[in-house]
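> Could you work out the structure for the sequence below:
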Amino acid sequence: MLDIRFVRENPEAVKENIRKKFQNAKLPLVDEAIALDAEKRSAMQESDALKAERNKLSKANGPLYGQLKKCTDEAKKAELQAQIDANNAAVKANAERMAQLDARIDAAAEQLNKIMMVIPQIIDPSVPIGPDDSCNVEVQRFGEPVTPDFEIPYHTDIMERFDGIDMDAAGRVSGNGFYYLMGDIARLHSAVTAYARDFMIDKGFTYCIPPFMIRGNVVTGVMSFAEMDAMMYKIEGEDLYLIGTSEHSMIGKFIDQMLTEDKLPQTLTSYSPCFRKEKGAHGIEERGVYRIHQFEKQEMIVVCKPEESMDWYEKMWRYSVELFRSLDIPVRQLECCSGDLADLKCKSCDIEAWSPRQQKYFEVCSCSNLGDAQARRLKIRVKGEDGKTYLPHTLNNTVVAPPRMLIAFLENNLSADGSVRIPAALRPYMGGKEIIVPKKQS
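The predicted model follows:
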């Protein structure tokens with residue numbers, strides 16, 4: 001969400017940013033916002049002038065009442081009373097006009113806020129320009145992609161050899177998009193989240209288990225309306241939504257707060273279940289546990305000074321790379337283009353893991369710098385050492401989302417005999433096991 005003063009002073013820059021995001025239908029919103037802002041400010045100025053005039057008239061009546069009380073001349077008394085009545089009539093007229101102006105101010109402010117909520121954040125100059133994710137740019141690879149000389153089964157087939165997944169039972173209980181994880185696969189899932197937790201704690205982040213439901217004002221503070229409609233499950237009859245990712249709950253922790261500068265940066269890592277609608281049809285490779293309604297995730301967020309946010313952005317995506325490489329999974333960094341950025345983001349990249357089965361990379365982490373957009377919506381402020389207040393920047397990044405991590409892990413650590421290697425970093429979380437062995441062969 002942009003500052004209306006920035007929009008007012010830089011309308012062409014805001015429009016050019018909209019063009020770069022290939023959202024030309026939103027171009028008229030800039031002029032509409034400026035017009036509504038002008039209407040609101042004009043009404044406020046008139047209201048303030050009327051208020052001053054009302055106060056002046058009310059103050060003037062005080063001495064007149066005093067004179068009237070002492071006056072014995074009937075003609076003079078009539079003159080004083082007429083002046084008092086005229087002042088009172090003017091005060092009443094002012095009050096009626098101010099009520100009209102207040103209604104205009106409220107209506108303009110409400111409409112202006114709706115428009116400002118959909119005008120996209122100014123993207124960073126380094127963001128590649130393109131209409132959709134087909135224009136995302138590979139920046140760097142980490143680890144050598146390996147294709148073994150044996151066939152790699154589909155990920156649910158691998159899990160079934162361990163008696164590690166039951167999607168049929170989940171379908172009977174909950175419908176499509178759910179699963180039961182069992183035995184070594186369930187343990188592997190928990191091991192990955194525990195390892196990711198400790199990995200981030202070792203990086204200096206504070207571990208957090210947040211609320212798994214958030215109020216509507218937090219939802220609209222952390223994401224766009226389009227994202228909310230596509231992702232969030234609402235609790236019927238309650239002003240509560242199931243979180244689609246814990247970053248929303250963690251950023252919401254600071255809503256309406258005035259932070260002191262010495263408390264920055266705030267660096268948190270959280271565990272949570274996540275719930276998503278996942279609308280639309282998807283290809284075969286996105287079935288199984290790739291795109292589901294419920295999963296678990298370890299997340300990281302940072303609230304920091306504006307001048308430090310790009311440094312944190314760089315650190316955060318590199319943490320994901322380091323973690324995946326410690327589990328022998330090759331990855332690459334993919335810079336998201338302008339058309340692939342959500343409206344609140346000024347810069348974002350995906351970390352994609354190598355899939356030996358598909359012979360391509362697929363998304364497992366997403367790192368985003370949202371600038372001051374969330375802070376402005378949620379009214380998160382910082383008081384600097386000079387006493388002035390400013391909006392902090394917020395960032396988020398996936399540490400691991402085990403369903404997708406499990407796909408990458410199983411494919412990259414699978415042996416020809418069907419067993420799965422456990423990298424050294426994960427062995428303490430798997431009871432010291434170096435491999436897990438399937439219970440049945442294909």
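> Look up which residues are beta-bridged to residue 300.
Using DSSP bridges, the bridge partners assigned to residue 300 are residue 269, residue 397.
> OK, contacts around the most centrally placed residue in the chain?
The centroid of the chain falls nearest to residue 222 when counting by CA atoms, centre = their mean (4.0 Å). Residues near residue 222 by CB atoms under 8 Å, 6 or more residues apart in numbering: 247, 248, 251, 252, 344, 374, 377, 378. (Each C-beta comes from the backbone N, C-alpha and C, glycine too.)
> can we see that at 6 Å?
248, 251, 374 (CB atoms under 6 Å, 6 or more residues apart in numbering).
> can you tell me the helix or strand for the second one?
Per DSSP states H and E, residue 251 falls inside helix 246-252.
> In CSV: the contacts of residue 222, plus pLDDT, distance to residue 397 and neighbour count.
Formatted as CSV, the contacts of residue 222 follow (pLDDT from 0 to 100; distance: CB to CB, whole Å; neighbours: other CB atoms under 10 Å):
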residue, pLDDT, distance to residue 397, neighbour count
248, 94, 14, 27
251, 96, 13, 29
374, 96, 14, 30
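> Using TSV, lay out these together with distance to residue 149.
Output for the contacts of residue 222, formatted as TSV (distance: CB to CB, whole Å):
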residue	distance to residue 149
248	44
251	46
374	48
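> Pick the one among the residues you listed closest to residue 409.
For the contacts of residue 222, the minimum distance to residue 409 (CB to CB) is 26.3 Å, reached by residue 248.
> So the residue nearest to residue 326 when sequence neighbours are not counted, which state does it fall into?
Sequence neighbours aside, residue 425 is the residue nearest to residue 326 in space, at 4.5 Å (criterion: CB to CB, 6 or more residues apart in numbering). Judged by DSSP: H, G, I helix; E, B strand; the rest coil, the three-state class of residue 425 is helix.
> Only the buried residues of the lowest-mean-pLDDT helix or strand in the chain, if you could.
Of all helical and strand segments in the chain, the minimum by mean pLDDT, DSSP states H and E falls on helix 225-231, at a mean of 76. Buried residues in helix 225-231, counting neighbours by 16 or more other CB atoms under 10 Å, are found at 228, 231.
> now the closest residue to residue 415 other than its chain neighbours: how far from residue 328?
Once flanking residues are discounted, residue 415 sits nearest to residue 421: 6.4 Å by CB to CB, 6+ apart. Using CB to CB, to the nearest Å, residue 421 is found at 8 Å from residue 328.
> how about the helices in the stretch 201-350 of the chain?
216-222, 225-231, 246-252, 309-326 (DSSP state H, counting those that start in this stretch).
> Ramachandran angles for residue 130?
Note on residue 130: its backbone torsions stand at phi -180, psi 160 [degrees, to the nearest 10].
> whoops, residue 401 was the one
phi -120, psi 100.
> Kindly report the same for residue 367.
Torsion angles, degrees, to the nearest 10, at residue 367: phi -110, psi 130.
> pretty sure it is touching residue 316, no?
Yes - with contacts defined as CB atoms under 6 Å, residue 367 counts as touching residue 316 at a distance of 5.2 Å.
> Mutual contacts of the two, please.
Counting by CB under 6 Å, 6+ apart, the residues touching both residue 367 and residue 316 are residue 397.
> sorry, back to before: so which elements touch the helix holding residue 251?
In terms of contacts (3 or more CB pairs under 6 Å, 6 or more residues apart in numbering; DSSP states H and E), helix 246-252 is packed against helix 216-222, strand 266-275, strand 294-304.
> Could you pull out the buried residues of the helix or strand where residue 16 lies?
Per DSSP H and E: residue 16 is located in helix 11-20. For helix 11-20, burial by neighbour count (16+ other CB under 10 Å) applies to 14, 15, 17, 18, 20.
> Next one, pLDDT for the first one please.
It refers to residue 14. Per-residue confidence for residue 14 comes out at a pLDDT of 97.
> tell me the contacts of it?
7, 30.
> Give me the distance between it and residue 31.
Counting by CB to CB, the gap from residue 14 to residue 31 is 10 Å.
> next one: the least confident helix or strand of the chain to chain centre, how far?
Distance of helix 225-231 from the chain centroid (CA atoms, centre = their mean, to the nearest Å) equals 11 Å.
> May I have it as CSV, with CA atoms only?
Only the C-alpha atoms of helix 225-231 are listed here, as CSV (Å, rounded to 0.1, in the frame of the first residue of the first chain):
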residue,chain,number,x,y,z
PHE,A,225,-7.9,-9.2,-1.8
ALA,A,226,-7.1,-11.4,-4.8
GLU,A,227,-4.7,-13.5,-2.7
MET,A,228,-7.2,-13.7,0.2
ASP,A,229,-10.0,-15.0,-2.1
ALA,A,230,-7.7,-17.6,-3.7
MET,A,231,-6.2,-18.8,-0.5
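> got the contact list for that helix?
219, 244, 276, 277, 279, 342.
> May I ask which two of those residues are separated the most?
219 and 279 (16.8 Å).
> neighbour-wise, which of these two wins?
residue 219 (22 against 8; other CB atoms under 10 Å).
> The more buried one and residue 242 touch, don't they?
No - with contacts counted by CB under 6 Å, residue 219 stays clear of residue 242, the gap being 10.3 Å.
> circling back to that earlier point, list the beta-bridge partners for the residue nearest to residue 415.
Once the bridges are assigned, which here means DSSP bridges, residue 421 pairs with residue 435.
> could you measure it against residue 232, distance?
Counting by CB to CB, the gap from residue 421 to residue 232 is 38 Å.
> So for those two, which sits in the more crowded spot?
Shown here are residue 421 and residue 232; by other CB under 10 Å, residue 232 has more neighbours (19 against 16).
> got the contact list for that one?
241, 244.
> what bits of this structure have low per-residue confidence?
Scanning the chain for pLDDT under 70 picks out 55, 57-62, 64-74, 77, 80, 84-85, 87-88, 90, 279-287, 442.
> Give me the buried positions along stretch 142-152.
So stretch 142-152, judged by 16+ other CB under 10 Å, has buried residues 142, 143, 145, 152.
> same deal with stretch 157-176?
Neighbour counts over stretch 157-176 (16+ other CB under 10 Å) mark 158, 159, 160, 161, 162, 164, 165, 166, 167, 170 as buried.
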